[in-house]
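Student: sequence plus predicted model, see below.
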Amino acid sequence: MSDDQLVGEREGFAPWLLEPMRRNKDIYIKVTLAAVLINIFALTSSLFTMVVYDRVLPNNATSSLVALSIGFALIVIFDFILKMLRSYFVDVAGARIDREVGESVFDRLLNIRLDRKRGSTGALAGIVREQETLRDFFTSATLSAVVDVPFILLTMVVIAIIGGWLVLVPIVLVPLVILVGIVTQPAMERLATRAMSHALHKQSVLVETIGGLETVKTAGASPILTGRWLRSIEDNSDISLRQRLIANIGITASQSAQMVSFAAVVVVGVEMIANRTLTMGGLIACSILAGRAVAPLGTIAQLLSRITATRTAYRQLNHLMQGRPEGPDGDPLRLAKVAGKIEFRNVHFRYPGTPEKALENINFTINPGEHVALIGRVGSGKTTIAKLLLGLYEPEEGVILLDGTDIRQLDPVDLRRKIASVMQDTLLLSGSVRENIALGREEIDDPAMLEASELAGTHQFIGQIANGYDRRLADRGEGLSGGQRQSIVIARALAAKPPVLVFDEPSSGMDTQTENGLIERLDAELKERTFIVITHRTPFLRLTSRVILMDRGKVLMDGPRDAVLDKINPARVAKS
Ligand SMILES: Nc1ncnc2c1ncn2[C@@H]1O[C@H](COP(=O)(O)OP(=O)(O)OP(=O)(O)O)[C@@H](O)[C@H]1O
């Protein structure tokens, strides 16, 4: 699915947003109450003017004017306080909603099923960032403007009371402005969707470039990325130009409507004054009110592009939130104690969107405490077996069992605690070495961290540096050598003493001496634990007693280590 398709879905209002809003119901009730009072106060300035013209001026009643002015000043003060309170309430509720939504969006991101993940990393990051657009809506003036819209009716009722038929002016104009909004809305929606997909594309280019800056430089990929970047900037500015054009139709229409409304009231009002059906003060009050009736629509028109962007952001996030998360549909199982028996039964697997099977009819059983090497040519499916065992993907057919339980029924997080892994793309987090090994797991105290670190060989280079374990690593562990990064990741896997360990090319970045030292230390450590190692190199085979040879997604040979190695390489037999 392309980034474009990611933004095209439409759904109803979803619980991940509705629930946090409901939990803040009390605050929104206060906001509505404040809005009622603010809108009532807003009417008073016109009524004040009316009374001054009709009662104070003809009678030269200065004392009444003083009293009225004091009253009006008090209203202005109350109005000020209420407006401040309203913004504060909107902000508090917005911040709470933002936190709750942020938590559930990040949680869903962590539980995303890899087989359902669509679009690039940058696009996914962009979708998650859309939460900010939602927050902007919930904490900004937009929400207050939307809340003010129903009060247009109240303003019209007051116009009808004071000016009678004069109310026809806003009655005709308000729907006209709304109509302009409705007519431009589909175009705004379309543009908002396209704007978002262009923004996601721009984000993808940026993330790809920054993430691989070293490779971009060494491989000379700058021209192709610059081209993509410039295209996405052009696309983005083209779309925002069109968005502004369309939005301006609504904004200008509402401004014109405000002017027409004011003038029409005056024209019709003059006639009514001549007929003595309206006072001078009444006319002035009505013309102010008629402008006010159209004003909230003007604010909405100004914020329309923001409102459509919020809807598009909502749909995007909803698409992410409605995807099925990892783990079983019902309550996930957690195995109390794992002996470490692993079984692949008739497993077939195809990566999403690829025609060929990466694994075809895989069958093997690994007994508790057995040490097995998975070997085979590049692309033969070894890593895929590890990924399936870790529950990152589900088999298309067949089952994978851990101690006799289908791993699809297990809690994926718990499964990955029981089966610790060192995967090929060793990724470190920014933070200290200690944090990278312990990863915030409570059971890993300092002695456990140090023990794992000594076993993995991390201590050999970190132990020499003062405060080495507290040394902060740069982004993704850049600043450490490939072998050093691997050693930290091995320490991370060993630290919790898991019953099963899966290592995928654990020593590809290490020199022979470091690798041999590691293998010697692991020999004792791995006793009575199930161990699977994927390797192209022979030293690690010393730790294993059985070898599974893979070829083009199938098991070609499976048997005792030396027997399989002798079959593959008859020269070995001759030598021995
Ligand atoms: N994320 C993916 N999406 C689509 N195809 C993939 C993906 N990862 C791997 N493949 C394909 O699946 C096949 C098996 O890949 P796998 O990584 O399991 O091989 P491998 O035996 O571990 O190779 P290597 O020794 O190079 O690590 C390959 O043909 C590869 O192109």
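Tutor: Looks like it came in fine.
Student: count the neighbours of residue 75 for me.
Tutor: Burial of residue 75 is recorded as 17 neighbouring residues (other C-beta atoms under 10 Å). Every C-beta, even on glycine, is put in place using the N, C-alpha and C of the backbone.
Student: show me what the one helix or strand residue 563 maps to is packed against.
Tutor: Assigned by DSSP states H and E, residue 563 belongs to helix 561-568. Contact analysis of helix 561-568 by 3 or more C-beta pairs under 8 Å, 6 or more residues apart in numbering; DSSP states H and E lists strand 546-551, strand 554-560, helix 570-575 as its packing neighbours.
Student: pLDDT averaged over that helix - what is it?
Tutor: Computed over helix 561-568, the mean pLDDT rounds to 88.
Student: can I get it in PDB? Just the C-alpha atoms.
Tutor: Extracted C-alpha coordinates of helix 561-568, given in PDB (Å, rounded to 0.1, in the frame of the first residue of the first chain):
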ATOM      1  CA  ARG A 561      26.800 -31.500  13.700                       C
ATOM      2  CA  ASP A 562      29.800 -33.400  12.500                       C
ATOM      3  CA  ALA A 563      27.800 -35.700  10.300                       C
ATOM      4  CA  VAL A 564      26.100 -32.800   8.500                       C
ATOM      5  CA  LEU A 565      29.300 -30.800   8.100                       C
ATOM      6  CA  ASP A 566      31.100 -33.900   6.700                       C
ATOM      7  CA  LYS A 567      28.400 -34.400   4.200                       C
ATOM      8  CA  ILE A 568      28.500 -30.700   3.100                       C
END
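Student: and the contacts of it?
Tutor: 373, 541, 544-547, 549, 557-558, 572-573 (C-beta atoms under 8 Å, 6 or more residues apart in numbering).
Student: I'd like those laid out as a markdown table, including pLDDT, distance to residue 193 and neighbour count.
Tutor: Shown next, in a markdown table, are these (pLDDT from 0 to 100; distance: C-beta to C-beta, whole Å; neighbours: other C-beta atoms under 10 Å):
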| residue | pLDDT | distance to residue 193 | neighbour count |
| --- | --- | --- | --- |
| 373 | 94 | 51 | 25 |
| 541 | 91 | 55 | 19 |
| 544 | 93 | 54 | 21 |
| 545 | 93 | 58 | 13 |
| 546 | 95 | 55 | 18 |
| 547 | 94 | 53 | 22 |
| 549 | 93 | 50 | 21 |
| 557 | 91 | 53 | 16 |
| 558 | 93 | 52 | 16 |
| 572 | 57 | 62 | 12 |
| 573 | 50 | 66 | 11 |
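Student: closest to the ligand among the residues you listed?
Tutor: residue 549 (11.0 Å; C-beta to the nearest ligand atom).
Student: so who does that closest one touch?
Tutor: By C-beta under 8 Å, 6+ apart, the contact set of residue 549 is 375-376, 555-558, 564, 568.
Student: swap the cut-off to 10 Å and go again
Tutor: Listed by C-beta atoms under 10 Å, 6 or more residues apart in numbering, the contact set of residue 549 reads 373-377, 380, 382, 555-559, 564-565, 567-568.
Student: okay, and the beta partners of it?
Tutor: Beta bridges link residue 549 to residue 375, residue 557 when assigned by DSSP bridges.
Student: which ones among the contacts of residue 549 also lie next to the ligand?
Tutor: For the ligand, the contacts drawn from those by C-beta under 6 Å from any ligand atom are 376, 380, 382.
Student: and the residues you listed, which are buried?
Tutor: Neighbour counting by 16 or more other C-beta atoms under 10 Å classes 376, 380, 382 among these as buried.
Student: apart from its chain neighbours, what residue comes closest to the second one?
Tutor: Once its chain neighbours are removed from consideration, residue 380 has its nearest residue in residue 550; the separation is 4.1 Å (C-beta to C-beta, 6 or more residues apart in numbering).
Student: ok, now how distant is the one you found from the ligand?
Tutor: According to C-beta to the nearest ligand atom, to the nearest Å, residue 550 and the ligand sit 6 Å apart.
Student: that residue is in contact with residue 372, isn't it?
Tutor: No: using C-beta atoms under 10 Å, residue 550 is not in contact with residue 372; the gap is 11.9 Å.
Student: just the pLDDT for residue 224.
Tutor: The model's pLDDT for residue 224 equals 90.
Student: state the phi and psi torsions of the closest residue to residue 470 other than its chain neighbours.
Tutor: Of all residues not flanking residue 470 in the chain, residue 432 sits nearest, at 4.9 Å (C-beta to C-beta, 6+ apart). The phi/psi pair for residue 432 (degrees, to the nearest 10) reads phi -80, psi 170.
Student: and the helix or strand hosting residue 188, average pLDDT?
Tutor: Under the criterion of DSSP H and E, residue 188 resides in helix 168-211. The pLDDT scores in helix 168-211 average 87.
Student: and that helix, what does it pack against?
Tutor: Applying 3 or more C-beta pairs under 10 Å, 6 or more residues apart in numbering; DSSP states H and E, we find helix 168-211 packed against helix 3-6, helix 121-129, helix 151-163, helix 213-219, helix 222-274, helix 280-322.
Student: how about 6 Å then?
Tutor: If you count contacts as 3 or more C-beta pairs under 6 Å, 6 or more residues apart in numbering; DSSP states H and E, helix 168-211 packs onto helix 3-6, helix 121-129, helix 222-274, helix 280-322.
Student: quick one: closest of the ones you listed to residue 51.
Tutor: helix 280-322 (6.6 Å; C-beta to C-beta).
Student: now the closest one, how far from the centre of its chain.
Tutor: Per C-alpha atoms, centre = their mean, to the nearest Å, the displacement of helix 280-322 from the mean C-alpha position of its chain is 27 Å.
Student: show me what that helix is packed up against.
Tutor: Helix 280-322 sits against helix 25-51, helix 131-139, helix 141-148, helix 151-163, helix 168-211, helix 222-274, with contacts defined as 3+ C-beta pairs under 6 Å, 6+ apart.
Student: let's see it at 7 Å
Tutor: Helix 280-322 sits against helix 25-51, helix 62-110, helix 121-129, helix 131-139, helix 141-148, helix 151-163, helix 168-211, helix 222-274, with contacts defined as 3 or more C-beta pairs under 7 Å, 6 or more residues apart in numbering; DSSP states H and E.
Student: before we move on, back to that, need the ones next to the ligand among the contacts of residue 549 in CSV (columns: pLDDT).
Tutor: Shown next, in CSV, are those (pLDDT from 0 to 100):
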residue, pLDDT
376, 91
380, 92
382, 94
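Student: before we move on, the earlier item: pick the one among the contacts of residue 549 closest to residue 172.
Tutor: For the contacts of residue 549, the nearest to residue 172 is residue 382 (74.4 Å; C-beta to C-beta).
Student: using the three-state scheme, assign the closest residue to the ligand within the stretch 51-200 of the chain.
Tutor: The nearest approach of the stretch 51-200 of the chain to the ligand comes at residue 114, 7.9 Å away (C-beta to the nearest ligand atom). Assigned with DSSP: H, G, I helix; E, B strand; the rest coil, residue 114 falls in the coil class.
Student: hmm, it is touching residue 393, no?
Tutor: Yes: the pair residue 114 / residue 393 is scored as a contact, 5.9 Å apart, by C-beta atoms under 7 Å.
Student: those two - which one has more neighbours?
Tutor: For residue 114 versus residue 393, the count of surrounding residues by other C-beta under 10 Å is larger for residue 393: 18 against 13.
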